[in-house]
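*Asks:* Below is the structure, and that's it, no one-letter string:
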């Protein structure tokens, strides 16, 4: 482990499970603590699915972020990097949804596109604050001042939320 708090990559260890995962455990239904195994983590990462109605470019972005998350088992910071990419995937989804509604791209800012989708009933008005938070998380991820490190469970939860968000954005499209 390096002074940076994650695995020092080397030719001899890049394909080995990241030892940082040893600090995380899973609690079974019986209350037993078990180590997080890569196969179990990847199985959870592969669960969230996005709808075929979502444009192929956005689906590809989602799958690349998901793939990076899978490889977090070998290099732990990839869980965070994948999560940060998910915020940009949602932005790409917003842009694609606005375009699909034949709205001229005069609405260039992310916020103006979100506002347009709210005004047109694609995003419920009640979800405005949630979308402001998603945009803020995208901004933080895209303009970092330090390396954030997320726990695997948090990253996997956000992957599921991203899938749900994208699916809702293109429901009925």
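*Replies:* Arrived safely. If you're wondering where the values come from, they're calculated on a predicted model, not measured in any experiment. Residues are numbered from 1 along each chain as shown.
*Asks:* When you work out contacts or count neighbours from here on, use the C-alpha atoms and nothing else.
*Replies:* Fine.
*Asks:* Tell me the secondary structure at the residue lying closest to residue 59 once chain neighbours are set aside.
*Replies:* Nearest non-adjacent residue to residue 59, counting by CA to CA, 6 or more residues apart in numbering: residue 50, 7.3 Å away. Under the three-state scheme (DSSP: H, G, I helix; E, B strand; the rest coil), residue 50 adopts coil.
*Asks:* hey, which helix or strand in this protein has the poorest pLDDT?
*Replies:* Within the chain, no helix or strand scores below strand 25-27, which has a mean of 86 by mean pLDDT, DSSP states H and E.
*Asks:* what packs against it?
*Replies:* strand 33-35 (3 or more CA pairs under 8 Å, 6 or more residues apart in numbering; DSSP states H and E).
*Asks:* Any buried residues in the helix or strand following the strand it packs on, and which?
*Replies:* Using DSSP states H and E, the helix or strand that follows strand 33-35 in sequence is helix 38-45. By neighbour count on 16 or more other CA atoms under 10 Å, the buried set for helix 38-45 is 38, 41-42, 44-45.
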